[in-house]
Structures are given as structure tokens and as C-alpha cells.
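> How does the following fold in three dimensions:
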Amino acid sequence: ESASAGAGAGAGAGAGAGAGAGAGSGPPSPLPAGVGGPGGSAAGASAGGSVAEPGRSSAYGVLRIPRLGVAVPIAQGVDKRTVLDKGYAGHYPGTAQPGAEGNFALAGHRNTHGEPFRYINRLRAGDRLSVEVQGRTFAYVVRKTLAETSERDVGVIAPVPRSTVRPEYGFGEPGAYITLTTCTPEYSSKYRLVVWGTLVR
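The predicted structure is shown next:
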């Protein structure tokens, strides 16, 4: 359900889609397989840029999704207990910071724990996103959606994001990207749903 980087790091790309998918085991992890918790790093992710690296486990910014009427606090890391289960969108360690070249990649729960990414499947190309951090606002526009991929598809959070499972989905040139990952289908952590956007310059 927290779909943390499963889409990009493997096991948890489904940022939050599977809240409650296992009997009595609590919500599924949104992280891609192979993506670590608070100190883990995402395979192939780029170090970022224009915003200083924040501390862990507390909100340092806000993701706004106007189409959904959602404002989600952003925290560093994708640890379930200290970040995702608090209702935060977790910033994948090793990926770019907002406004920087590379991929600013976030994981969030789809069900339970505030379910910040529950309806990201409703986003469409052209929708606006904004990230507010350290007194600055970075605007992004949604470009592509990957409706379903493996929880181990770490390519989705790479500096130039491209699915390693479905390579026809993604990008081929360097840029400043944002990636949202969560679990899919709802109440399951079997797959990951991925939304990509690019920085408005």
C-alpha cells in the first residue's frame, strides 16, 4: 500500500496501493524490491540538486495535486514506519531533489495511513503538480502514466525514468522529472502504478 519505489526500485513501486493486502500483516510496503528503508538507495537514481538534502522522518515540503484536491507532506526516505505510515509522500533516497536534473521520485500509500496517492490513477497528461520546499515552488506537468508494473521495476525511479519491465514506457533523454509510485490494484501490493511528470521551466 505504500508503494514505495516499487515502480522504480522494485518491491515498492506501488506507492501505497496495497494498504491492507495481507491478512493481519498490516499494509503492504509501497517500496520496490531492492529499495532500502530510511538509508537505502534507489538503484540508478541520481543525486539531486537545487534543494539541500533534508533530514529524515519529518516533513520538509508539500506536494500539491490540484486535480485531486490533495496536498501531501513530503519527508525524506521511504521507511514505512517513520515516513509512509505517517501519511507522508516519501522521497526515495538517492534520487534528485525538487527542481534538479534527474528524477525527484516519491512513494506514497494508496490505502490507509492518509492514502495520499489513492487517486493518482486519475491524473492525466497535462495535469499540474507543484512541490513547495524551503520557500520555493517547483511546477511540474504530468506526462505519462504506467498503469501497472512489477514491484521490482527499479527503472521507473532512475535519473532518466524508463520501465525495465515495459521499456516502451518512460523517457529517453536527461531532464528534470518527478515520479509518483504507489501500489496497484487497491488493497494489494502485487504491482506498482507510476505517474511521471517533467519540470516546467
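> quick one: low-confidence parts of this protein?
Along the chain, the parts satisfying pLDDT under 70 run over 1-57, 112-114, 187-188.
> remind me, longest strand of this structure?
strand 136-150 (DSSP state E).
> What helices and strands are in contact with that one?
Secondary-structure packing of strand 136-150 (3 or more Cβ pairs under 8 Å, 6 or more residues apart in numbering; DSSP states H and E): helix 6-9, strand 128-133, strand 176-184, strand 191-199. C-beta: built from backbone N, CA, C; applies to glycine.
> Let's see that with 6 Å instead.
With contacts defined as 3 or more Cβ pairs under 6 Å, 6 or more residues apart in numbering; DSSP states H and E, strand 136-150 has these neighbours: strand 128-133, strand 191-199.
> Need the contact partners of it.
Outside strand 136-150, the residues that touch it by Cβ atoms under 6 Å, 6 or more residues apart in numbering are 7, 98-99, 123, 125, 127-131, 163, 165, 169, 178, 184, 191-192, 194-200.
> Quick one: buried ones out of the residues you listed?
7, 98-99, 123, 127, 129-131, 163, 165, 169, 178, 184, 191-192, 194-197, 199 (16 or more other Cβ atoms under 10 Å).
> What's the local residue count around the nearest residue to Leu199 once chain neighbours are set aside?
Closest residue to Leu199 apart from its sequence neighbours, by Cβ to Cβ, 6 or more residues apart in numbering: Ala176 at 3.7 Å. Ala176 has 22 neighbouring residues, counting by other Cβ atoms under 10 Å.
> Ok, the one 5 residues further on next?
Other residues within reach of Thr181, judged by other Cβ under 10 Å, total 45.
> can I assume it is in contact with Val194?
Yes. Taking contacts as Cβ atoms under 6 Å, Thr181 lies within contact range of Val194: 5.4 Å.
> Tell me which residues touch Tyr119, please.
Tyr119 neighbours (Cβ under 6 Å, 6+ apart): Leu68.
> Distance of it relative to Gln76?
24 Å (Cβ to Cβ, to the nearest Å).
> what ranges do the strands span in the protein?
59-65, 70-76, 89-91, 102-107, 128-133, 136-150, 176-184, 191-199.
> And the third one, what does it pack against?
For strand 89-91, the contact count by 3+ Cβ pairs under 6 Å, 6+ apart identifies strand 70-76, strand 102-107 as packing neighbours.
> Direction included, what does it pair up with?
The sheet places strand 89-91 alongside strand 70-76 (parallel), strand 102-107 (antiparallel), with pairing taken from DSSP bridges.
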